[in-house]
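# Provided below for reference: sequence and predicted model.
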2 protein chains.
Amino acid sequence: MNSREAKSRESCRDGTDGPSADDVPRRNRTATPPAKNEIPVRLGNRSYRVVLEPGLLSTVGDRLHALLRNPGPVVVVTDRRVHEAHAGPLEASLRRCGWEPRTLLVPPGEGAKTLAGAARLYDALVRVRAERSTPLVAFGGGVIGDLAGFVAATFQRGLPFVQVPTTLLAQVDASVGGKVAVNHERAKNLIGCFHQPAAVFIDPAVLSTLPRRDVAAGLAEVLKCGVIRSRPLFDLVERDAVRLLALDEAPLVKAIAAAVSIKAEIVARDERDLGERALLNYGHTIGHALEALTAYRSFRHGEAVAIGMAAAARIAVESGLLAERDAARQTAVLRSLGLPVHQSECSPRRLRAALFRDKKVAGGRVRFVLPRRIGDAVLVADVTERAVRAGLESICGPGSRAK
Amino acid sequence: MNSREAKSRESCRDGTDGPSADDVPRRNRTATPPAKNEIPVRLGNRSYRVVLEPGLLSTVGDRLHALLRNPGPVVVVTDRRVHEAHAGPLEASLRRCGWEPRTLLVPPGEGAKTLAGAARLYDALVRVRAERSTPLVAFGGGVIGDLAGFVAATFQRGLPFVQVPTTLLAQVDASVGGKVAVNHERAKNLIGCFHQPAAVFIDPAVLSTLPRRDVAAGLAEVLKCGVIRSRPLFDLVERDAVRLLALDEAPLVKAIAAAVSIKAEIVARDERDLGERALLNYGHTIGHALEALTAYRSFRHGEAVAIGMAAAARIAVESGLLAERDAARQTAVLRSLGLPVHQSECSPRRLRAALFRDKKVAGGRVRFVLPRRIGDAVLVADVTERAVRAGLESICGPGSRAK
C-alpha cells in the first residue's frame, strides 16, 4: 500500500464533472496534516486516516483514487439491504473516477460471518479475477466489515482494504483498528486476524435509514468511549442525547469524531490488543456473556454493552473505585438514550458461569475494565467475588432469578 | 509474544535431568547476540531466530521455555508419517520441560492444505481448549508449516507459532519468512497471510528419513540462493554435491545456514513481498507454471524450480545479461544433484500460456528474476518475447513439442 501511497496522488476530478464532489478538497494524503474531520490512526507504515463527512459517499471514488492511484477493478462487498439503500452514489462516484466496481452481495445478518461465507467470497474474488492490488471496499455494518476485512486480509496474503461503514456501531467502533474475523460455531470472532484498512470513509448521512434501536445501540459505544477516556464526550452525549437519537448532524459528527479519535489513539498504542486496548472492552465482558447466553437474539450488541456498562459501574462502586453519583449519571444517560440497564433473560448465576468461559479470562480470573471517574477507566485483575456478584445482581430484574 | 519474551527466560533444566539437553546452552534470547548456527530474522518487534543444530529436536522443550516462559498446553500440528518417525524426542523434550503437548494429526500430503483442512484444525483447537497464549508448533514439511501457520495466524487473531521443519525444502525455504497459506482449488496459496514465527528450530538430523529425491529437491532451493545472492554458497554446492546428497553433516549444516541467512536478509528488507523478496522467486515463475500444468503430480516443487532455473538462466543469456559459461555451470550443478533441467510434459506453447495466468504477472507482462552472474540476480520487467521463447524451448524435450 505504501509504495503506492508514496506515488502521485492527483485527484480524478478534472473540473468538468458534476458539482457533487467539486467541493471536496483532496485531503486524503498522509503527507499533509489531517484536515478537520480527518482522524489519523498512527501505526507506522500501516497508518491511515478516518475521514468523516456528511455526503462523503459520493466522493469515495475520488478519495480512493487519491489513496491508491491507478483506478481499475474494485471489489465492493455489501449486503442487499445496504446495496438497495445506498449503493447508488457510491458506485456512481467510483465509476466517475474510472473505477470498475464489482459488487459482491452477502446475505444480510450475522449468519454470513462464517468461514463458509468467507469461502464464498474467495470463490467470487477468483471469478472477478481480483489481483493482489485490487482494492476491496467493505460497505455495510460490522458484519460486512469483519467478514470482508478477513477476506481482504487473507486473499493473496492481503488486498488493499477500505472500510465504508453504514451503521453507527461500525462507524464508531468496528471499522477502526483492523480487527477482522469470522465466527466459529463455538465462539464469535474466533477466526480472524489484524488487517488495518488503507482508509475508513464515514458518511453519517447514510444513518438516516438506520432503525432508531440501532442508533441507540451505536450510541452505547460512543458513551463507552466517553466513560473510559473523555469527560467532554460523556457530557456531549448526556446533553444532546435527544438530538443524537434524532441524528442531528452537528452533535452527531462531533460524537462520532470524538469516539473514533479515542479508539484511534488507543489502537495506535496497542494495535495487537496486548494491553491498553482492553479498555475498549468496558461493558463488554458482561455484555458478551449476556449475548452468548441469549444466543445473540435478545439484544443488539450495543444494548448488551449498555447493560454490561451498568454492571461494570456497579462493580466499580462496590470496589470503592467509582463514586455512586457517577454510576447514577451513567445509568441516567443510558436510559435517556433508550438503552436497557437491566434484563430478565439470565440469572446472576448463569451470567457468572458464562463469564468464566469468556476468552477475556486470564489465569482463571475475570479481569474487568472499571471506571474510576467519568473519563478514566482502568483494567482491574483482582475484582472481588462480592463486587462481581453485586454487579450482576444489579442488572438482573426479578424475573431473572429462576433462570 | 514480546511482552512474554521480555520476561524471565530461565531454562527449564535444573541440572538433575538426563544428559541429552545439558550440553545445550541457553542461547535463544533475542537480547543476546546470536550464537553460531543461530540466524536472526530482523523484523522489528517481530524479530526471531532460526536455530540450526543436529539433534536439536530433543531440546525443543527447553528452547520453547526460554522463548515463551510459563509451560502449559502446547499444540503440535504434524502428520502421521512425521509423527511416527520423529515425534518421540520432540514430545519427550516438551514434557520434560513441563509442556503438555496436544498433538493434532493432519493427513500427509498437499491435500490437507485447504480451507476445509484449516477448519478441522480450528475445531480441534477449540476441542483442546487452545487460548490466545497457547503456542502452536508446526512439525513437518512445507504443507504442515503453511497450513498450521495459517491456522496459528487466524485462530483468535494469532497464536504464538514455532516452526520445526522436517524436510530440507521446508528448512531452507518455507519455514522462514512468515508466509503461511492454504490452497484454493483454482490456485495454490491463494488464501493466506503473513504471520512470522516466534522461532524456527531446524534439526538436520531428521532429514535422515527423507527420500533422496526430496533431498535433491531441497538442494535446488539452496542452489537458487547461491545463484541469486552468494557465489560461496554456489561454490559449496558445486564442490560438495555428492556429500550434500548423502546428508554429510558438515557441508549440510553450512549449506542450510547459508541459504537461511540469505532468505532472512531478504525477508528483513521486504517482509511483505513488495520488492526485493521477488528475487527468491528465481526459477519459480516457470517452475510454478510447470507444476500447475502437470497438476502437481509430475515434479517435486524443487524439481520444477530446477527446470525453471535452467530456463531463467537461458533467458538471461539470451538477454545478454549472463555469460554462457555461468549458465552451463548452473546446469552442471543441477545435474550433479540429480535434478532435471528439462522435461517433456509440456510444450513451450502451453508453458507460455500458463505464464500469463500466473499471479506474478504485473500489467500483462511477465517479470523474471534473472542472474547477471553467479551470486547476483535482478528483477527484469521487460524481457523480450524472443528470450522467453528461447528459455522455454531450452527446457522442453522433443517429446513435449506436440503437447
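The structure has been received and is ready for your questions. Numbers count the residues shown, from 1 in each chain, chains lettered A, B, ... in the order given.

# Do I have it right that residue A:102 meets residue A:121?
No. Under the criterion of C-beta atoms under 8 Å, residue A:102 is not in contact with residue A:121, lying 11.6 Å apart. All C-beta spots, glycine's among them, are computed from the backbone N, C-alpha and C.

# Need phi/psi at residue A:137.
Note on residue A:137: backbone dihedrals following degrees, to the nearest 10 are phi -110, psi 120.

# Mean confidence (pLDDT) on the host helix or strand of residue A:330, please.
Secondary structure from DSSP states H and E places residue A:330 in helix A:324-336. For helix A:324-336, mean pLDDT is 98.

# Which elements pack onto that helix?
helix A:212-229, helix A:231-239, helix A:241-245, helix A:301-318, strand A:368-373 (3 or more C-beta pairs under 8 Å, 6 or more residues apart in numbering or on different chains; DSSP states H and E).

# Figure out which of the ones you listed is closest to chain B.
With C-beta to the nearest C-beta as the criterion, chain B lies closest to strand A:368-373 of the helices and strands packed on helix A:324-336, at 17.4 Å.

# Pull the number of nearby residues for the closest residue to chain B within the stretch 201-350 of chain A.
At 6.0 Å from chain B, residue A:274 is the closest residue in the stretch 201-350 of chain A, using C-beta to the nearest C-beta. As a burial measure, residue A:274 scores 13 neighbours (other C-beta atoms under 10 Å in any protein chain shown).

# Help me confirm that it is found in a helix?
No. Counting by DSSP: H, G, I helix; E, B strand; the rest coil, residue A:274 is not part of a helix but coil.

# Please read off the pLDDT at it from the model.
We note a pLDDT of 91 for residue A:274 in this prediction.

# now swap in the one 4 residues further on and tell me
Reading off the per-residue confidence, residue A:278 sits at a pLDDT of 96.

# Does it touch residue A:370 like I think?
No. With contact defined as C-beta under 8 Å, residue A:278 and residue A:370 do not form a contacting pair (11.5 Å).

# Which residues are in contact with residue A:199?
Listed by C-beta atoms under 8 Å, 6 or more residues apart in numbering or on different chains, the contact partners of residue A:199 are A:28, A:48-51, A:63-64, A:67, A:162-163.

# Quickly note the distance from residue A:58 to chain B.
According to C-beta to the nearest C-beta, to the nearest Å, residue A:58 stands 30 Å off from chain B.

# what about the longest helix in chain A?
Assignment by DSSP state H gives helix A:249-269 as the longest helix of chain A.

# quick revisit: between residue A:278 and residue A:370, which is the more surrounded one?
Using other C-beta under 10 Å as the criterion, residue A:278 and residue A:370 rank with residue A:370 on top: 24 against 21.

# and residue A:102 and residue A:121? which has more neighbours close in?
For residue A:102 versus residue A:121, the count of surrounding residues by other C-beta under 10 Å is larger for residue A:121: 23 against 18.

# From what I see, the more buried one and residue A:106 are in contact.
Yes. When contacts are counted by C-beta under 8 Å, residue A:121 is listed as touching residue A:106 (7.2 Å).

# residues shared between the contacts of these two?
A:77, A:147.

# Show me what the helix or strand hosting residue A:378 pairs with in its sheet, parallel or antiparallel.
Element membership for residue A:378 (DSSP H and E) is strand A:376-380. With DSSP bridges as the test, strand A:376-380 is paired with strand A:368-373 (antiparallel).

# got the contact list for residue A:145?
Shown in contact with residue A:145 (C-beta under 8 Å, 6+ apart): A:138, A:163, A:165, A:170, A:174-175, A:180.

# Quick one, grab the pLDDT at residue A:18.
38.

# now the stretch 251-400 of chain A, which segments are flagged as low pLDDT?
A:357-365, A:399 (pLDDT under 70).

# run the last query once more with 50
Within the stretch 251-400 of chain A, the ranges that satisfy pLDDT under 50 run A:359.

# For it, what lies in contact range of chain B?
By C-beta under 8 Å from any C-beta of the partner chain, the residues of the stretch 251-400 of chain A that approach chain B are A:272-275, A:359.

# which of the residues you listed are buried?
If you count burial by 16 or more other C-beta atoms under 10 Å in any protein chain shown, the buried members of those come out as A:272-273.

# With residue B:196 as the reference, measure out to the residue of the stretch 201-350 of chain A closest to chain B.
Going from residue A:274 to residue B:196 by C-beta to C-beta, to the nearest Å gives 16 Å.

# Please apply the same query to residue A:347.
In terms of C-beta to C-beta, residue A:347 sits 45 Å off from residue B:196.

# neighbour count winner among those two?
residue B:196 (24 against 18).

# pretty sure residue A:81 contacts residue A:108?
Yes. Residue A:81 lies in contact with residue A:108 (C-beta under 8 Å); the separation is 5.1 Å.

# quick one, phi psi at residue A:165?
phi -70, psi 140.

# Return the residues in contact with it.
A:138, A:140-142, A:145, A:171, A:174-175, A:200, A:202.

# mind running it again at 7 Å?
A:141, A:145, A:171, A:174-175, A:202 (C-beta atoms under 7 Å, 6 or more residues apart in numbering or on different chains).

# Likewise for residue A:387?
Listed by C-beta under 7 Å, 6+ apart, the contact set of residue A:387 reads A:315, A:318-319.

# which one of the helices and strands packed on helix A:324-336 is the most hemmed in?
Compared across the helices and strands packed on helix A:324-336, helix A:301-318 shows the largest average neighbour count, a mean of 27 (mean count of other C-beta atoms under 10 Å in any protein chain shown).

# Figure out how far that helix is from the centre of its chain.
19 Å (C-alpha atoms, centre = their mean, to the nearest Å).

# go on, stretch A:264-275?
On C-alpha atoms, centre = their mean, the centre of stretch A:264-275 falls 15 Å from the chain's centre.

# Alright, calling it a day.
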